[in-house]
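>>> Provide a 3D model corresponding to the input given below.
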Amino acid sequence: MPIASAALATLPRTHRTADAVAALGAFIGEAALQPGDKLPSEHEMMAALGVGRSTVREAVRHLQALGVIETRKGLGSFLLTKVSGSTRHVPLHLETGQLRDALLQTLEVRRGLEAEASALAAERASAADVEHMRVALEEMERVHLQKGTAGREDLAFHLSIYDASGNPLFRQLLEQIREAFEHFFEKPFDRSDFAGRSFPFHRELFDAIAAGDAQTARAKTLAILDIVEEDIKDMSQ
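Next up is the predicted model:
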C-alpha cells in the first residue's frame, strides 16, 4: 500500500502520547511499511494527528526507546521492526546503578530465555537460518582472533540464533536487555579478555544447532553463560 493512501486519524485531546504511539503503529501497519522504510516527516505527523510538535516528538522518543524506530540526523525516522495497530509494546526497566548486581540479575533471566531459544533454533532452523548463523559466527571468530574480543559480532551471532528460534519475542526481549548494557559490552570492566574462555563454545553451539541437537545446543548456551557469570563476579571485585 502506498504511504500516501494510509491515513492518520486525528487524536482526541486526552492521553496524547499513548494515542500518538498507537496511531503511528496503526499507520505503519496500514501503509505496509517494512523495516528500513522512512516514516512521515514530523510536520506531516503533526498535521495528520492534529497534535503539537512536543506530542509527536514524545511518541517518537517512546518508539525509539522500544527499538521500533531509529532517527537519523538530517534524514528522518526509519522503521526498525515491523509493527501494526495491534502491536503491544512491553518496555523493560533496568536499574544499572550497581552494574555487577544488574548484570547478574539479567543473567538469571537470560539463562532461561537463551537456552530455550538455542534449543528451539536447533529444532526449527531452516537452511537459510543456519547459513546466516554460520556467516555471523565466522565474522565473530575473525574479529575475536584479530582483536581478542568481539562484542558486537558476538551479539550478532546470538541474534541470529534468536531469529532462528521462530519466535520474535526472544530477539526483542534479549536485545533490549543487551542494549541496556551496550557500553559495558564494548569492553567489560576494561578487560578485553572478558568471557574469552567461552569463545570455543560458540562454534560448538553452532554445530549443535546445525545438527538439530537441541539438548546439546541448550547445554552449550548454559556453558557460555556460566563463564560470563564467573567473569562478572571475578572482574567486578
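
>>> got the contact list for the residue nearest to the spatial centre of the chain?
For the chain, Glu175 is the residue whose C-alpha lies nearest the centre (C-alpha atoms, centre = their mean; 2.8 Å). Residues near Glu175 by C-beta atoms under 8 Å, 6 or more residues apart in numbering: Gly67, Leu159, Tyr162. No exception for glycine: its C-beta is placed from N, CA and C like everyone else's.

>>> and the contacts of stretch 144-158?
Taking C-beta under 8 Å, 6+ apart as the rule, stretch 144-158 contacts 114, 133, 136-137, 139-143, 174, 178, 185-187, 192-194, 196, 199, 202, 206.

>>> now, those residues that are in helices?
114, 133, 136-137, 139-143, 174, 178, 199, 202, 206 (DSSP state H).

>>> how about low-confidence regions in the protein?
Scanning the chain for pLDDT under 70 picks out 1-17, 85-97, 179-187.

>>> mind listing the helices in it by residue range?
Ranges of helices in the chain, per DSSP H, are 16-30, 42-49, 53-65, 99-124, 127-147, 151-164, 168-180, 199-210, 214-235.

>>> buried ones among the contacts of stretch 144-158?
By neighbour count, with 16 or more other C-beta atoms under 10 Å, the contacts of stretch 144-158 hold 114, 133, 136-137, 139-141, 143, 174, 178, 185, 194, 199, 202, 206 as buried.

>>> ok, of those, which one's closest to His43?
Nearest to His43 among the buried ones among the contacts of stretch 144-158: Arg178, at 34.7 Å, using C-beta to C-beta.

>>> skip the chain neighbours and tell me the closest residue to the closest one.
Among residues not flanking Arg178 along the chain, Leu155 sits closest, at 6.0 Å (C-beta to C-beta, 6 or more residues apart in numbering).

>>> can you tell me the number of residues neighbouring that neighbour?
18 (other C-beta atoms under 10 Å).

>>> what does the one 3 residues further on give?
Other residues within reach of His158 by the criterion other C-beta under 10 Å amount to 26.

>>> how far away is it from Gln105?
According to C-beta to C-beta, to the nearest Å, His158 stands 19 Å off from Gln105.

>>> same question, Glu139
On the measure of C-beta to C-beta, Glu139 and Gln105 end up 30 Å apart.

>>> ok so, going back, between the buried ones among the contacts of stretch 144-158, which is closest to Glu42?
Nearest member of the buried ones among the contacts of stretch 144-158 to Glu42, counting by C-beta to C-beta, is Arg178, at 29.7 Å.

>>> could you pull out the buried residues of stretch 204-218?
Buried-residue list, stretch 204-218, by 16+ other C-beta under 10 Å: Leu205, Phe206, Ala208, Ile209, Ala210, Asp213, Ala214, Thr216, Ala217, Arg218.

>>> let me redo that: stretch 165-176
In stretch 165-176, the ones that count as buried by 16+ other C-beta under 10 Å are Ser165, Asn167, Phe170, Arg171, Gln172, Leu173, Leu174, Glu175, Gln176.

>>> the last one contacts Val68, doesn't it?
Spelled out, it's Gln176. No. The pair Gln176 / Val68 is not scored as a contact, 11.3 Å apart, by C-beta atoms under 8 Å.
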